[in-house]
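In: just to be clear, the model below is a prediction. Sequence and coordinates:
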Amino acid sequence: MSEMYVDDSIILLNLEADNKEEVLTKMGQNLQTLGLVKDSFTDAIIAREAEFATGLPTKGASVAIPHTDVEHVNRKTISVAVLKDPVDFCVMGDDEETTPVRIVFMLAMDKPHDQLSLLQKLMQIFQDEATLASIVEATSEAAVMQVLADKLEFDFKGGE
């Protein structure tokens, strides 16, 4: 995998939003401000979520894993938002059903094959209720980043 951008600035704690489009817009704009994604990224991720839902009803805290095509990405990263209040996302594979999402893992991959290997590692997090709880209960961006570093096996230098 090419090198992933890892920094506290990609973690958004207590994100307030009324709907999934607002969540995706705030997260996408943050990545755009950091120069990690192109101007087209936010619109592309919202459009893809409307067509291919990414909500997953997991034990403890439901998650969503929005992503889009590599041409909208400048540098590979994964942004995580812990929502102040749950926001409904359609369930993956069932546009009629929604799940109240608390954690959003927004993938910005610069190579198509990187996304698959990252999704496989993320699935391990999604199946671990204690790990999800530790992310929801985190009081700092550095704490969330450390959980990701441990579970996704990348180096995180910095934080508190």
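Out: That came in fine, so what should we check first? Numbers count the residues shown, from 1 in each chain.
In: which element is residue 106 on?
Out: strand 94-108 (DSSP states H and E).
In: quick one: secondary structure of the nearest residue to residue 82 once chain neighbours are set aside?
Out: Once flanking residues are discounted, residue 82 sits nearest to residue 13: 5.1 Å by CB to CB, 6 or more residues apart in numbering. Every C-beta, even on glycine, is put in place using the N, C-alpha and C of the backbone. For residue 13, the assignment made with DSSP: H, G, I helix; E, B strand; the rest coil gives strand.
In: got the buried residues for the strand holding residue 106?
Out: By neighbour count with 16 or more other CB atoms under 10 Å, strand 94-108 contains the buried residues 98-99, 101-108.
In: try stretch 34-49
Out: For stretch 34-49, by 16+ other CB under 10 Å, it's 34, 36-37, 40-42, 44-46, 48-49.
In: which stretch of helix or strand covers residue 139?
Out: Applying DSSP H and E, one finds residue 139 in no helix or strand.
In: and the closest residue to it other than its chain neighbours, what does it touch?
Out: Spatial nearest neighbour of residue 139, excluding adjacent residues (CB to CB, 6+ apart): residue 13 at 7.9 Å. Taking CB atoms under 8 Å, 6 or more residues apart in numbering, we find residue 13 in contact with 81-82, 138-141, 144.
In: what's the closest of those residues to residue 61?
Out: residue 82 (8.7 Å; CB to CB).
In: next, the angle strand 11-15 makes with the helix or strand that contains the closest one.
Out: Taking DSSP H and E as the definition, one finds residue 82 inside strand 77-91. Counting by axes from the mean of the first three to the mean of the last three CA atoms, to 10 degrees, strand 77-91 lies at 40 degrees to strand 11-15.
In: which elements pack onto strand 77-91?
Out: Secondary-structure packing of strand 77-91 (3 or more CB pairs under 8 Å, 6 or more residues apart in numbering; DSSP states H and E): strand 11-15, helix 20-33, strand 55-56, strand 62-64, strand 94-108, helix 129-136, helix 141-152.
In: restricting to C-alpha, output stretch 76-96 in CSV.
Out: Coordinates of the C-alpha atoms in stretch 76-96 are reproduced here as CSV (Å, rounded to 0.1, in the frame of the first residue of the first chain):
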residue,chain,number,x,y,z
LYS,A,76,-4.7,8.1,0.8
THR,A,77,-6.3,8.5,4.2
ILE,A,78,-9.1,7.3,6.4
SER,A,79,-11.1,10.0,8.2
VAL,A,80,-13.2,9.0,11.3
ALA,A,81,-16.1,11.0,12.6
VAL,A,82,-17.8,10.1,15.9
LEU,A,83,-21.2,11.6,15.7
LYS,A,84,-22.6,13.5,18.7
ASP,A,85,-26.1,12.0,17.9
PRO,A,86,-26.8,9.1,15.6
VAL,A,87,-27.6,9.8,12.0
ASP,A,88,-29.6,7.4,9.8
PHE,A,89,-27.7,5.8,6.9
CYS,A,90,-29.3,3.3,4.6
VAL,A,91,-28.0,-0.3,5.3
MET,A,92,-25.6,-1.7,2.8
GLY,A,93,-27.5,-3.9,0.4
ASP,A,94,-30.9,-2.7,1.5
ASP,A,95,-32.0,0.8,0.6
GLU,A,96,-35.3,0.4,2.4
